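> Sequence and predicted model, in that order:
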Amino acid sequence: MRAAPVLAQHPGLDRASRGTDRASEPEASDGASPERRPPMPYVDGFVIPVPAKNLAAYVKMSKKAGKVWVEHGALEYRECVGDDLQTKMGLPFPRGIKAKRGEAVVFSWIVYSSRAHRDRVNKKIMKDPRIANMMADEEMPFDPRRMMYGGFKVLVDL
């Protein structure tokens with residue numbers, strides 16, 4: 001399966017070290033050992049069907065949540081709404097997420113410096129009362145049971 005190209009350049013990652021498997025990487029030509037290089041970024045990815053009538057409420061919630069994630073150390077926080085989803089190739093997002101009539105598809109990602117960094121940030125997030133209050137809201141703008149989520153190791157970062 002092909003990964004979506006979603007990452008921009010990240011501070012602290014030199015061009016020679018991006019896009020490689022660090023475990024099998026030979027010593028750098030500059031003499032620096034691979035252990036001294038920053039780890040490859042780590043990404044949490046989400047695909048969420050959101051009723052179009054709730055999109056404004058979702059954006060409001062997302063802006064608040066994104067500020068909390070960044071405050072706790074996330075490098076990037078992105079939320080995108082589907083625009084060109086009626087593709088003839090592969091499995092279109094709406095069909096894959098089983099979007100219903102009147103639902104928008106939101107594609108989101110959060111970037112961290114490593115999986116360990118992600119785990120530290122998310123531990124803080126789960127203790128943050130602002131996030132707890134958002135999750136306890138009876139009127140969530142989407143059904144969290146239908147959200148697709150996962151953590152991803154970056155394969156290529158150009």
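Received, thanks.
> ranges for the strands of the chain?
For the chain, the strands defined by DSSP state E cover 42-51, 76-81, 103-112, 148-153.
> where's the last one relative to the chain centroid, distance-wise?
Translated: strand 148-153. From the chain centre to the centre of strand 148-153 is a distance of 7 Å (C-alpha atoms, centre = their mean, to the nearest Å).
> In TSV: the strands of the chain, plus distance to residue 61 and mean neighbour count.
C-beta: built from backbone N, CA, C; applies to glycine. Converted to TSV, the strands of the chain look like this (distance: least, C-beta to C-beta, whole Å; neighbours: other C-beta atoms under 10 Å):
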stretch	distance to residue 61	mean neighbour count
strand 42-51	10	20
strand 76-81	10	16
strand 103-112	11	21
strand 148-153	16	12
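> Turn the ones you listed into TSV, columns for distance to residue 139.
Output for these, formatted as TSV (distance: least, C-beta to C-beta, whole Å):
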stretch	distance to residue 139
strand 42-51	12
strand 76-81	19
strand 103-112	17
strand 148-153	21
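> Many thanks, I have nothing further to ask.
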